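In: Got a sequence here, can you build the structure:
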Amino acid sequence: MRIGRKMSKMKGNVLDPIEVIGQYGTDATRFTLASMAAAGTDIAFSESRTAGVSEFCQQDMECGALHVHERE
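Out: Presented below is the predicted three-dimensional model:
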């Protein structure tokens, strides 16, 4: 497991949430953060994990759309 640095505005290593949401989508960003959150721990944000969740969300949406079209 890779240990990251704590985000700090002074160090300039802070992610802009608007950019992350714009790149991966709101659902993928929320799901990634929620799935990595545990009581009393810091979240080690991972762009690769967020990208994987984004692909899953896209496939899930496509599957749902196909199911809706089949029922019509």
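
In: List the buried residues for the top helix by length along the chain?
Out: Counting residues, the longest helix in the chain under DSSP state H turns out to be helix 47-71. Of the residues in helix 47-71, 50, 53-54, 57 count as buried by neighbour count, 16 or more other Cβ atoms under 10 Å. No exception for glycine: its C-beta is placed from N, CA and C like everyone else's.

In: Sketch out the low-pLDDT regions of the chain for me.
Out: Residue ranges of the chain with pLDDT under 70: 1-4, 69-70, 72.

In: So what does the spatially most central residue of it look like in phi/psi?
Out: With distances taken as Cα atoms, centre = their mean, Thr29 lies nearest the centre of the chain, 2.7 Å away. With angles defined as degrees, to the nearest 10, Thr29 sits at phi -70, psi -50.

In: and the nearest residue to Met7 once chain neighbours are set aside, what are its phi and psi?
Out: In this structure, Met7 finds its nearest non-sequential neighbour in Val14, 4.9 Å apart by Cβ to Cβ, 6 or more residues apart in numbering. Val14 adopts backbone torsions of phi -90, psi 140, taken as degrees, to the nearest 10.
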